[in-house]
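In: let's see this in three dimensions:
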Amino acid sequence: MNFNIPNALTWARILMIPLVLAVYYLPQDVLSQHHQNMLACALFVVAAVTDWFDGWLARKLGLTSAFGAFLDPVADKLMVCAALVLLVWLDRCNAVLAFIIVGRELTISALREWMAQLGKTKSVAVSFIGKLKTAAQMIAIPMLLYYDDLLGLPIRRMGSVLMVVAVVLTLWSMVYYMRRAMQVLNEK
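Out: As a prediction, the model looks like this:
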């Protein structure tokens, strides 16, 4: 295992997951609901920014590694899945929407593993639609964690709409990756 700054940032992102969850277990007299929302949102945003920054830093400093390439998407999936479960628990996200996203993440992770075993990793490499899906999720989730209006903007409603957009992009990207995989399998 390579221990470097990008990998340390990825590990930090993984360690932030229980902190986001723990915020909502604090008693209301310690941290009000509004402050719980603000803190959980801030922690998630820091983790999301760290996701972008660790990859950029690894490329910039030439510190990319097989371990980092493995750990980074695992950290992303853990972060998104944990946040979605939390949002369902808080009754801020429909369980069906969360299930679609989590199910897609598991399916595509398995598909990528299978394609890697066939030596066809590039056939299911991250696409533009996958990046859009991730962006929609990484904006919707903090909005639903924050949940209160901000500067007159209906953050809760905006987050809910963006979550539906994320689910549409999730399904679209899953179909895209499945079709790419089927092309490879049909060639064999």
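
In: all contacts plus neighbour counts: C-alpha atoms, from now on.
Out: Fine.

In: show me the shaky parts of the protein.
Out: Along the chain, segments meeting pLDDT under 70 span 1-2, 123, 188.

In: mind naming the longest helix for it?
Out: Longest helix in the chain, counting residues (DSSP state H): helix 155-187.

In: in that helix, what counts as buried?
Out: 155-160, 162-171, 173-174, 176-178, 181 (16 or more other Cα atoms under 10 Å).

In: next: stretch 134-145.
Out: Buried, per 16+ other Cα under 10 Å, within stretch 134-145: 134, 136-145.

In: who touches that stretch?
Out: The contact list for stretch 134-145 (Cα atoms under 8 Å, 6 or more residues apart in numbering) reads 37-38, 40-42, 44-45, 48, 80, 83-84, 87, 92-93, 155-156, 158-160, 162-163, 165-166.

In: keeping just the C-alphas, turn that stretch into PDB.
Out: Extracted as PDB, the C-alpha positions of stretch 134-145 are listed here (Å, rounded to 0.1, in the frame of the first residue of the first chain):
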ATOM      1  CA  THR A 134     -21.900  11.900  -9.600                       C
ATOM      2  CA  ALA A 135     -22.100  15.700  -9.700                       C
ATOM      3  CA  ALA A 136     -25.900  15.600  -9.300                       C
ATOM      4  CA  GLN A 137     -25.600  13.300  -6.300                       C
ATOM      5  CA  MET A 138     -22.800  15.300  -4.700                       C
ATOM      6  CA  ILE A 139     -25.000  18.500  -5.000                       C
ATOM      7  CA  ALA A 140     -28.400  16.900  -4.000                       C
ATOM      8  CA  ILE A 141     -27.100  15.100  -0.900                       C
ATOM      9  CA  PRO A 142     -25.700  18.100   0.900                       C
ATOM     10  CA  MET A 143     -28.900  20.100   0.000                       C
ATOM     11  CA  LEU A 144     -30.900  17.300   1.600                       C
ATOM     12  CA  LEU A 145     -28.600  17.200   4.600                       C
END
